[in-house]
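Novice: Mind looking at a prediction? Sequence and model below.
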Amino acid sequence: MRLILGLALIAAACTGAAPRSDQSGAITADGRAIDGDTVSIDIRLFGADAFEKRQMCRTTSGCWPCGKAAQDYASKLLKANPATIRLTGKQSYGRPIGTVDVGGQDLGDAMIAAGLAVPATSYLKSDPERAQRYVAAYQLAQRRQLGAHAGYFVDPAKWRKGERLSCERRSSREGRPMFTG
């Protein structure tokens, strides 16, 4: 998830947490230039695993781009309110891990409650209260059949390892999922 470097640096300085042991407030992450004076970095959400950008989910009426929906939902929330980022000091896939509060709402909790992410409780052993909230949000989204819970989906971790729904058959030419219904 892309977040503006300035926000991340401010949050890291305020919380004192950073992926490095030097506690200088420095963040080590891959960056991209948005324009000449704006840099973006990726931060993975702590304990929430959202559907991947190209991932599809299925309902009785066919497949839909739940990964793009997850990205759009997070983007909408991030644009609506200021974000506070608290880094855990750990990394995943080479990216810092942190919690993101948007307008006072936990982004991971919001994504799970919308049915656009799953709790990654194995990573939340140090934060059992967050783990309980995330599981409760997941169960509520299931009962209400929100987002991906309206049908079938592959867990994002399994999807990253290559497991796919039948409607995500890969095209050998493009390496992108093809929609087969």
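Specialist: Happy to help now that I have it. Numbering: from 1, shown residues only.
Novice: Quick one: mean pLDDT over the biggest strand by length in the chain.
Specialist: Selection of the longest strand in the chain by residue count, based on DSSP state E, yields strand 83-92. On average, the pLDDT along strand 83-92 is 90.
Novice: quick one: whichever helix or strand comes after it to strand 83-92, angle?
Specialist: Next along the chain after strand 83-92, taking DSSP states H and E as the criterion, comes strand 95-102. Counting by axes from the mean of the first three to the mean of the last three CA atoms, to 10 degrees, strand 95-102 lies at 160 degrees to strand 83-92.
Novice: Skipping adjacent residues, who's closest to residue 103 in space?
Specialist: residue 81 (2.9 Å; CB to CB, 6 or more residues apart in numbering). The way it works is simple: take the backbone N, C-alpha and C, and place the C-beta from them, glycine included.
Novice: Give the bridge partners for the residue nearest the centre of the chain, please.
Specialist: Centroid-nearest residue in the chain: residue 50, 4.3 Å away (criterion: CA atoms, centre = their mean). In this entry, residue 50 is beta-bridged to residue 117, by DSSP bridges.
Novice: what separates it from residue 118, distance-wise?
Specialist: As defined by CB to CB, to the nearest Å, residue 50 lies at a distance of 8 Å from residue 118.
Novice: shared neighbours, the two?
Specialist: residue 156 (CB atoms under 8 Å, 6 or more residues apart in numbering).
Novice: pLDDT value on residue 38, please?
Specialist: Reading off the model, residue 38 has pLDDT 88.
Novice: which SS class is the residue nearest to residue 160 when sequence neighbours are not counted?
Specialist: Nearest non-adjacent residue to residue 160, counting by CB to CB, 6+ apart: residue 52, 6.5 Å away. Three-state call for residue 52 (DSSP: H, G, I helix; E, B strand; the rest coil): coil.
Novice: ok so, going back, enumerate the positions of the longest strand of the chain that are buried.
Specialist: 83-85, 87-89, 91 (16 or more other CB atoms under 10 Å).
Novice: Please name the strands paired to that strand in the sheet, noting orientation.
Specialist: Strand pairing for strand 83-92, determined by DSSP bridges: strand 95-102 (antiparallel).
Novice: Give me the distance between the partner strand and the centre of its chain.
Specialist: Relative to its parent chain, strand 95-102 has a centroid offset of 9 Å by CA atoms, centre = their mean, to the nearest Å.
Novice: after that strand comes which helix or strand?
Specialist: strand 105-106.
Novice: who's in contact with that next one?
Specialist: The contact list for strand 105-106, computed with CB under 8 Å, 6+ apart, reads 77, 81, 99-100, 130, 133.
Novice: any chance of those residues in JSON lines, with neighbour count too?
Specialist: As requested, those are exported to JSON lines (neighbours: other CB atoms under 10 Å):
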{"residue": "77", "neighbour count": "18"}
{"residue": "81", "neighbour count": "12"}
{"residue": "99", "neighbour count": "23"}
{"residue": "100", "neighbour count": "26"}
{"residue": "130", "neighbour count": "20"}
{"residue": "133", "neighbour count": "19"}
